[in-house]
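Chemist: Make a model of this:
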Amino acid sequence: MNRSTTYTISLLTPKDVVPLFELIQANAKRLHQYFPITAKENSSLIATENYVYKKMREVSRKENYTFKIVNIASQLPIGLLIIKKIDWTQKICELAYFIDENQEGKGITSEGIGQLITYCKEELQLQKAILRIGEDNPGSLRIAEKHTFILTQRIKDGHEDFHGNIMDVLHFERTL
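Modeler: Next up is the predicted model:
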């Protein structure tokens, strides 16, 4: 990150269980809308421990890559950046992310997405990335635009939130 003196990204480790649980609980209301599975998988400290170990196994199996955004001063995670739904045959993946509500609007997530794009291209040798964004999420729409993702379709009823509400999503793609 350009803000390398303030923030860094790295893969999840066992020492992240408690601070990740606290981050997710502090942002639970927001995560219920856009990250319902993550919210459900982190509903207790034991569940978060299972989540972290699952994410570590996924990396070792080259299935998904879950990075934390870390405040270097506090050493606490302030968000997640995820490379998921990797299709190694088509060389395509989906990117997902969230940041603590108190850190929004500072460009941190956007810089992290820039790093994920580079990682996908250089380390994983992928050729295309996808973003799926709710129409009512202006911050994510700005990230898609800034990183030259192209809107390819609107998916009717493409996302279900934590409470079972169905919403449309916008599907963006970008060549890496």
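Chemist: so what's the most centrally placed residue in the chain up against?
Modeler: Nearest to the geometric centre of the chain sits Tyr97, at 2.2 Å (Cα atoms, centre = their mean). When contacts are counted by Cβ atoms under 8 Å, 6 or more residues apart in numbering, Tyr97 is found next to 79-82, 109, 112-113, 116, 143. For every residue, glycine as well, the C-beta is placed using N, CA and C.
Chemist: Likewise for Ile83?
Modeler: The contact partners of Ile83, taken as Cβ under 8 Å, 6+ apart, are 64-66, 93-95, 116, 119-120, 124.
Chemist: Spell out, range by range, the helices that occur in the protein.
Modeler: 17-26, 28-34, 36-41, 45-60, 108-122, 138-146 (DSSP state H).
Chemist: Where among these is average confidence lowest?
Modeler: Ranked by mean pLDDT, these bottom out at helix 28-34, with a mean of 82.
Chemist: other SSEs contacting that helix?
Modeler: Applying 3 or more Cβ pairs under 8 Å, 6 or more residues apart in numbering; DSSP states H and E, one finds that helix 28-34 makes contact with helix 36-41, strand 92-99.
Chemist: Skipping its backbone neighbours, what lies nearest Leu170 in space?
Modeler: Of all residues not flanking Leu170 in the chain, Ile133 sits nearest, at 5.0 Å (Cβ to Cβ, 6 or more residues apart in numbering).
Chemist: What residues does the one you found make contact with?
Modeler: With contact set as Cβ under 8 Å, 6+ apart, Ile133 has these partners: 140-141, 144, 169-170, 172.
Chemist: Let me know the closest of those residues to Gln103.
Modeler: Ranked by distance to Gln103 (Cβ to Cβ), the contacts of Ile133 are led by Ser140 at 14.4 Å.
Chemist: Noted, bye for now.
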